[in-house]
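Peer 1: need a 3D model of the following:
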Amino acid sequence: MNKKIKEATRQEISSCLKDNGIYKIREKRKDALIKDCNPDTGEFSFFNFYRQKEANTDDLGLEYRLYISNMKRRENIKQRIEKMLATNHCYFLTLTFNDKLLSRNITSETRRRYVRRFLKEQCKEYVANIDFGTENHREHYHAVVVPKSKIDFSRYRSKFDNSNINCERLWNNAKSKDTYTMYINKLTNHSLKDNGFYQRLIYSRHT
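Peer 2: The predicted structure is shown next:
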C-alpha cells in the first residue's frame, strides 16, 4: 500500500499498524544498513539504502511513511522536553477526570478541551497526551509542563479528581530526558494503533 498518510483511511492506517508495518520497516532498514570504515581515521560511517523507493517496491510505502513520521514526532517531542527541562522548573503531571464529569454525556474531545484550557491557563510551556488505565481503562492525561507560577488545581475541582492528580518535579538530566520523552511518545503511538490515526499532542504553540 503506497498511499501518502493524508490519502489513507483510518482503516488502512490501522491495518498497517496491526500488521506490525512499522516493525517491518525497522527490520528492513536494519538489514539494509551498511557499515563502512574509513581506513585513514578508523571511524565508521553508516549508510541505509532502504528508503521510500525500496518500500514502494515492497508495497510498504504507507508503512514507511508512518515509520518516518514517527521518527520525526519522537525528535520533536525530545526537543520540546529538553527545552523545558533546561528551565529547571519542569514538572510531570497526571490529570484524572472525576467521576461526576465522566458520568456526564460529553465527548472525549470536550474533555480534551478542558485539559488544553487548564494547561494554557496554568503553564508557559507544555506537551501532553491521553492515556487509559491498564485495569479500568479510565481516561486521563499526562503532561510535561513549565508552570507560570504555582499550579492552582482548586479551580478545576469540577473536572479533575484532585486525589488522583500527580505533580512530580523533573530534573535536567539524561534519565529525565529519556524517560519522559519516550513515555509521551509511547502514548502517542498507543493512540495511533487504537484509532487508526495520529492522536494530536497538546502542546504550547510558542515552544
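Peer 1: for the rest of this, base every contact and every neighbour count on C-alpha atoms.
Peer 2: Noted.
Peer 1: list the buried residues for the longest helix along the chain?
Peer 2: Longest helix in the chain, counting residues (DSSP state H): helix 61-85. Residues 61-68, 70, 73-74, 77-78, 80-85 are the ones in helix 61-85 that count as buried (16 or more other CA atoms under 10 Å).
Peer 1: next: stretch 154-167.
Peer 2: Buried, per 16+ other CA under 10 Å, within stretch 154-167: 159-162, 165.
Peer 1: kindly report the same for stretch 87-106.
Peer 2: 89-98, 102.
Peer 1: residue farthest from the centroid of this structure?
Peer 2: Of all residues in the chain, residue 40 has its C-alpha farthest from the mean position, at 41.7 Å, by CA atoms, centre = their mean.
Peer 1: a markdown table for the buried residues of stretch 87-106, including pLDDT and distance to residue 128?
Peer 2: Converted to a markdown table, these look like this (pLDDT from 0 to 100; distance: CA to CA, whole Å):
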| residue | pLDDT | distance to residue 128 |
| --- | --- | --- |
| 89 | 93 | 17 |
| 90 | 93 | 13 |
| 91 | 93 | 12 |
| 92 | 91 | 10 |
| 93 | 92 | 9 |
| 94 | 91 | 9 |
| 95 | 92 | 10 |
| 96 | 90 | 13 |
| 97 | 91 | 15 |
| 98 | 89 | 19 |
| 102 | 86 | 19 |
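Peer 1: before we move on, the earlier item: by pLDDT, give me the weakest of the buried residues of stretch 154-167.
Peer 2: Of all the buried residues of stretch 154-167, residue 162 has the smallest pLDDT value, namely 79.
Peer 1: tell me the domain ranges of this structure?
Peer 2: As given by automatic domain parsing, the domain ranges for the chain are 5-81, 84-203.
Peer 1: in the one helix or strand residue 120 maps to, what counts as buried?
Peer 2: Per DSSP states H and E, residue 120 falls inside helix 108-122. For helix 108-122, a neighbour-count test (16+ other CA under 10 Å) marks 111-112, 114-116, 118-120, 122 as buried.
Peer 1: this structure: helices as residue ranges?
Peer 2: Going by DSSP H, the chain shows helices at 10-18, 21-32, 52-57, 61-85, 99-103, 108-122, 174-195.
Peer 1: can you flag the weakest of the ones you listed by average pLDDT?
Peer 2: Averaging pLDDT over each of those puts helix 174-195 lowest, since it has a mean of 69.
Peer 1: now residue 128. Nearest residue, chain neighbours left out?
Peer 2: Once flanking residues are discounted, residue 128 sits nearest to residue 143: 4.0 Å by CA to CA, 6 or more residues apart in numbering.
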